[in-house]
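> quick one: sequence and predicted model below, then my questions.
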Amino acid sequence: MNALHADAVYPPSDETVARAHVTAAKYQEMYDASLTDPEGFWGEQGKRIDWIKPFTQVKDVNYDFGNVSINWYSDGTLNVSANCIDRHLENRCDQTAIIWEPDSPEEPAQHITYKELHRRTCRMANILVSMGVRKGDRVVIYLPMIPEAAYAMLACARIGAIHSIVFAGFSPDALAARVNGCDAKVVITADEAPRGGRKTALKSNADAALLHTKDSVKCLVVKRTGGQTTWVDGRDFDYNEMALEADDYCAPAEMNAEDPLFILYTSGSTGQPKGVVHTSGGYLAYAAMTHEITFDYHDGDIYWCTADVGWVTGHSYIVYGPLANGATTLMFEGVPTYPDASRFWQVCQKHKVNQFYTAPTALRALMGQGNEWVEKCDLSDLKVLGTVGEPINPEAWNWYNEVVGKGKCPIVDTWWQTETGGHLMTPLPGAHAMKPGAAMKPFFGIQPVVLDPTSGGEIEGNGVEGVLCIKDSWPGQMRTVWGDHERFEKTYFSDYKGYYFTGDGCRRDEDGDYWITGRVDDVINVSGHRMGTAEVESALVAHTAVAEAAVVGYPHEIKGQGIYCYVTLMNDRDPSDELLKELRTWVRTEIGPIASPDVIQWAPGLPKTRSGKIMRRILRKIAENDFGSLGDTSTLADPSVVDDLIANRANKG
Ligand code: WT7
């Protein structure tokens, strides 16, 4: 690591400050106002939205455990799709809303205007209505990164249906669990998903999933490649054919600000993913505001977020935030390294991208391929760079800054979560200096507190570290766990009473700037994707050969964290390379390729306390190759298992 750079502070350039929506003085003034008069501040920000019936109440929030309830703009009514499309038709009908860049550079890109987006969304909405979807019904979207994914989201919003997107990399089992979890009426999928030159058979995954759902669930199929699919008459509907017939207009439904807009399943520290619920008014206002201010988006800019719509980043920062702002948002179907390692930069050059937002894992992978892939492209239109999903290491930060940004683009390191709907901490271009790896400053209205994990008390002052909680609410906050409000309260409001508990650790440095230090629970972060270790464990023990499993994260050069599994086999089974491969494939099929174990170590025994609790702290240390600081092992039921695990520690790689 370059120590000089790691401690460096990068103030924004004069040019960045000159064009910024928010300068240092403005930030301070707005931040202060957001805390002293939240009603006034958020009441004003609520005007970013076109309301059908304007709100008179701004905020109605209770963080008391047992009575948690979060409401914003709750007597207002609106339609989210009308806010993302219709209201722009007067001045922007021929402006490009979505630039779609397909997996293969040989295939032409599409420029979808706001007028076209309106037509496509209305048709999709009418198709859903004709399939029986009504206000409040759930629709699962299982699509590649194609424009139809955006049409589908907006079509649901238009008719008041609640969408739940399942990342196309998830397995049939994971898809079925989510369809059943929210009792969806319709699953929208495509024949195949091209990615990196390979195709995933999405429709056959959906077919497999639908064997495990109610018979009444219908399937709407978008043609992407024209690949072969099996068809179940009465259950499967042909989108492309129906779109030819569908009406070009569908009236937007009047929705309450607190009506759910979407459910997004995310991993927690228990085996079952939870359905994070976001509602309409507050979420949209917050996504729009953060999109504009964090990326310093200006009219006419071309903005690109490389995430997938299957994650919250794609919801807030490919679709809802940018479109609410009347922006031009780029949607990319492919991967950074196909056909070669210059693809991201080729796309930036081709579409003259001004704001570019990606994940540290992609940067680390590209950094390893050498600078020439970047240097051969013209990146002179870039103004702001962003990262999200995991802490960025100073090496990757410096490479991003120097090689991609040529030292002239501020980097916004945005810390947030599926639960938060939008950015909670980030340096703002033009307002804050940057430190490589630091989330720096809270967004407006956000009050981060560092708590002592033992006493639960607030740690005041600077140069401190602890558990990160947030005092008070913001409009983009999740409202509940779908179908399980108790779980919502227990997960986020019970450990530290009166605060929202983030699950992250955090350091406030000597200057009062914030650094995220990683999860403090049993959640690991693999390539910016959140994974509950318990989920991988339950997949492993579902295999007949496995008696017990414990899963921890360990540092991985590209992925940030890798998945390290300790597996105890049934008495009648013996370890073998074959079984190892089988277990790896098994987990991929149970959850999806993103959950692929990086390391499986055979463990004749696991370190347990006398009461039978697995000591993960020890397993983490062994996985990290850090045997010197195992701590106290004397409370273990059988301390000798630790020696065995160390002696047989699997070879990473
Ligand atoms: C967890 C949330 C937010 C969209 C993508 C991930 C980690 C996220 C950062 C960052 C350090 C980060 C946290 C957080 N995380 N952004 N800039 N620096 N860590 O959403 O799947 O809900 O995961 O990702 O640990 O809690 P998610």
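Looks like it came in fine. Computed from a predicted model, the values in this text were never measured in an experiment.

> C-alpha coordinates for the biggest helix by length in the chain, CSV please?
In the chain, assigned by DSSP state H, the helix with the most residues is helix 114-130. Included here for helix 114-130 are C-alpha records, laid out as CSV according to Å, rounded to 0.1, in the frame of the first residue of the first chain:
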residue,chain,number,x,y,z
TYR,A,114,-39.2,9.6,-22.6
LYS,A,115,-42.1,9.4,-25.2
GLU,A,116,-41.1,5.8,-26.1
LEU,A,117,-40.7,4.9,-22.4
HIS,A,118,-44.2,6.1,-21.8
ARG,A,119,-45.6,4.0,-24.6
ARG,A,120,-43.7,0.9,-23.6
THR,A,121,-44.6,1.2,-19.9
CYS,A,122,-48.2,1.8,-20.6
ARG,A,123,-48.3,-1.3,-22.9
MET,A,124,-46.6,-3.4,-20.2
ALA,A,125,-49.1,-2.1,-17.6
ASN,A,126,-52.1,-3.0,-19.8
ILE,A,127,-50.7,-6.4,-20.3
LEU,A,128,-50.4,-6.9,-16.6
VAL,A,129,-53.9,-5.7,-16.1
SER,A,130,-55.1,-8.1,-18.7
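
> now do the buried residues in that helix.
114-129 (16 or more other CB atoms under 10 Å). C-betas here are computed from N, CA, C, even on glycine.

> distance of the residue in the stretch 551-653 of the chain positioned nearest to the ligand from residue 587?
Shortest the stretch 551-653 of the chain-to-the ligand distance, computed as CB to the nearest ligand atom: residue-wise this is residue 560, at 9.1 Å. Residue 560 sits 19 Å away from residue 587, going by CB to CB, to the nearest Å.

> circling back to that earlier point, state the mean pLDDT of the longest helix of the chain.
The predicted model gives helix 114-130 an average pLDDT of 98.

> again, but for stretch 559-567
For stretch 559-567, mean pLDDT rounds to 96.

> and for it, what's in contact with it?
Counting by CB atoms under 8 Å, 6 or more residues apart in numbering, stretch 559-567 makes contact with 360-361, 364, 390-391, 524-528, 531, 536-537, 540, 546, 548-556, 583, 595-603, 606, 619, 623, 645, 650, 652, all of which sit outside it.

> about what we covered before: out of the buried residues of helix 114-130, which touch the ligand?
The subset of the buried residues of helix 114-130 within reach of the ligand, by CB under 6 Å from any ligand atom, is empty.

> quick one: secondary structure of the closest residue to residue 181 other than its chain neighbours?
With CB to CB, 6 or more residues apart in numbering as the measure, residue 275 is the residue that lies nearest to residue 181, at 5.8 Å, once sequence neighbours are left out. Counting by DSSP: H, G, I helix; E, B strand; the rest coil, the backbone at residue 275 sits in strand.

> same question for residue 225.
coil.

> ok, it to residue 334 distance?
With distances defined as CB to CB, the gap from residue 225 to residue 334 amounts to 14 Å.

> pick out whichever of these two has more residues nearby.
Under the neighbour definition other CB atoms under 10 Å, residue 225 and residue 334 were set side by side, and residue 334 has more, 22 against 15.

> where does the closest residue to that one other than its chain neighbours land in three-state SS?
Take residue 334 and drop its neighbours on the chain: the residue closest to it by CB to CB, 6+ apart is residue 103, 4.0 Å away. Using three-state DSSP, the structure places residue 103 in coil.

> isn't residue 103 up against residue 338?
Yes: with the criterion set as CB atoms under 8 Å, residue 103 and residue 338 qualify as a contacting pair; they are 7.0 Å apart.

> more neighbours: the two, which one.
Neighbours around residue 103 and residue 338, counted as other CB under 10 Å, are more numerous at residue 103. The numbers are 25 against 16.

> give me the pLDDT for that one.
Confidence score, pLDDT, at residue 103: 98.

> show me which residues of the protein sit near the ligand.
By the rule CB under 6 Å from any ligand atom, the part of the chain lying against the ligand is 266, 311-313, 388-391, 413-418, 439, 502-504, 516, 519, 525, 530.

> in the stretch 101-250 of the chain, which residue sits nearest the ligand?
Per CB to the nearest ligand atom, residue 167 is where the stretch 101-250 of the chain lies closest to the ligand, at 10.7 Å.

> quick check: pLDDT value at that residue.
pLDDT, the model's per-residue confidence, is 96 for residue 167.

> which non-adjacent residue is nearest it?
Ranked by CB to CB, 6+ apart and with sequence neighbours excluded, the top spatial neighbour of residue 167 is residue 310, at 2.9 Å.

> helices of the stretch 51-200 of the chain, start to end?
With DSSP state H, counting those that start in this stretch, the ranges of helices along the stretch 51-200 of the chain come out as 80-84, 89-92, 114-130, 147-159, 172-181.
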